[in-house]
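[1] Got a predicted structure here, sequence first:
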Amino acid sequence: MKVVEKFTSINGEGTRAGELAVFVRFKGCNLRCSYCDTMWANEPDCPYEEETPEEILNYVLGTGIRNVTLTGGEPLLQKDIRELIYLLLQAGLQVEIETNGAVDLSAFCEERPVFTMDYKLPSSGCEEYMIVENMELLGKDDTVKFVCGSQKDLLKALDVIQIYNLTNRCHVYLSPVFGSIEPVQIVEFMLKHRLNGVRLQIQMHKVIWDPNERGV
Ligand SMILES: C[S@@+](CC[C@H](N)C(=O)[O-])C[C@H]1O[C@@H](n2cnc3c(N)ncnc32)[C@H](O)[C@@H]1O
Ligand SMILES: Nc1nc2[nH]cc(C(=O)O)c2c(=O)[nH]1
Ligand code: SF4
Ligand SMILES: [Mg+2]
């Protein structure tokens, strides 16, 4: 598996934000979002370590931390990802997958990790690649995250939340594209549309550390 970085930190996003977590970031992505904060991991010349699922499991177990987040790039494109998810779950770890909404999740539902799935909004430039059938596969422990960069994005997020009845299905987060929309604009939008059951989330690691710092 192509690993570009592994580190321990607090999870800055998702339902376990604020808890300790081990991160494994994989190389490569099938999308190219306008705002991507980890584009470096998607470049063909980005250095990586080739690691087996067993090696990654041993690293995770060695940290003594029970939450594992698999991210990237797009982690579900890695050839051995199913085996890794299986090994981590067998070891009793809490496994979260950050995924971009452009990979069919049906192939990964047997192992049942927790999915934090983006719905890419217009300003990402990648909305056309969303596999909306994934919505049906999500359950109460999963999350749909809308990373919003504009009012147009917020209106589209509202549409998608209503069409797929997301607040009754899973967790729903609105998160600002870091630095391009003020969080207060999202709060005002939530109030205006009475978005009950939806949460604002700000990437905590970018508040704690330099927003461009890697490995945190
Ligand atoms: C870097 S992606 C990796 C996982 C997967 N490719 C995806 O898009 O979900 C992890 C999360 O960071 C979010 N993200 C990337 N750049 C961001 C930015 N500039 N501001 C806020 N969130 C960002 C993505 O939308 C996604 O939810
Ligand atoms: N601390 C921290 N939390 C995170 N949660 C999701 C991340 C990601 O890049 O996918 C991330 C990250 O890069 N750092
Ligand atoms: S899908 Fe995720 S990793 Fe890929 S470009 Fe978009 S934000 Fe970056
Ligand atoms: Mg990140």
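    Now that the structure is in, tell me what you want to look at. Ligands and ions are numbered 1, 2, ... in the order given.
[2] For the rest of this, base every contact and every neighbour count on C-alpha atoms.
    Fine.
[3] for the lengthiest strand in the chain, packing partners?
    Counting by DSSP state E, the longest strand found in the chain is strand 2-10. Under the contact criterion of 3 or more CA pairs under 8 Å, 6 or more residues apart in numbering; DSSP states H and E, strand 2-10 touches strand 20-26, strand 49-50.
[4] Against which helices or strands is the following helix or strand past the last one packed?
    Sequence-wise, the next helix or strand downstream of strand 49-50 (DSSP states H and E) is helix 53-63. Using 3+ CA pairs under 8 Å, 6+ apart as the contact criterion, the elements in contact with helix 53-63 are helix 81-90.
[5] before we move on, the earlier item: tell me which of the helices and strands packed on strand 2-10 approaches ligand 1 most closely.
    The minimum distance between ligand 1 and these falls on strand 20-26, with 8.1 Å, by CA to the nearest ligand atom.
[6] Can you give me every residue that contacts the nearest residue to residue 102 once chain neighbours are set aside?
    Excluding the flanking residues, the one nearest residue 102 by CA to CA, 6 or more residues apart in numbering is residue 130, at 4.9 Å. Residues counted as contacts of residue 130 (CA atoms under 8 Å, 6 or more residues apart in numbering) are 101, 102, 119, 120.
[7] Which members of those are positioned in helices?
    Taking DSSP state H, every one of those sits outside helices.
[8] What residues does the protein have near ligand 3?
    29, 31, 32, 33, 36, 38, 39, 72, 73, 74, 100 (CA under 6 Å from any ligand atom).
[9] which ones are touching the third one?
    Same thing as residue 32. So residue 32 contacts 39, 125, 126 (CA under 8 Å, 6+ apart).
[10] Make a markdown table from those residues and add distance to residue 108 to it.
    Below are those laid out as a markdown table (distance: CA to CA, whole Å):
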| residue | distance to residue 108 |
| --- | --- |
| 39 | 25 |
| 125 | 26 |
| 126 | 22 |
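[11] will you turn the helices and strands packed on strand 2-10 into JSON lines that also has mean neighbour count?
    Putting those into JSON lines (neighbours: other CA atoms under 10 Å) gives the following:
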{"stretch": "strand 20-26", "mean neighbour count": "22"}
{"stretch": "strand 49-50", "mean neighbour count": "11"}
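[12] Just tell me which of those ends up closest to residue 67.
    Among the helices and strands packed on strand 2-10, the nearest to residue 67 by CA to CA is strand 20-26 (4.7 Å).
[13] longest helix in this protein, by residue count?
    helix 151-163.
[14] What's the first helix or strand after it?
    With secondary structure assigned by DSSP H and E, helix 151-163 is succeeded by strand 171-176.
[15] just the angle between that next one and helix 151-163, please?
    180 degrees (axes from the mean of the first three to the mean of the last three CA atoms, to 10 degrees).
[16] Tell me which residues are up against strand 171-176.
    Contacts for strand 171-176 (CA under 8 Å, 6+ apart): 15, 140-149, 166, 182-183, 186, 197-203.
[17] tell me the pLDDT at the residue lying closest to residue 156 once chain neighbours are set aside?
    Nearest residue to residue 156 in three dimensions, chain neighbours excluded: residue 121, at 6.9 Å (CA to CA, 6+ apart). The model reports residue 121 with a pLDDT of 98.
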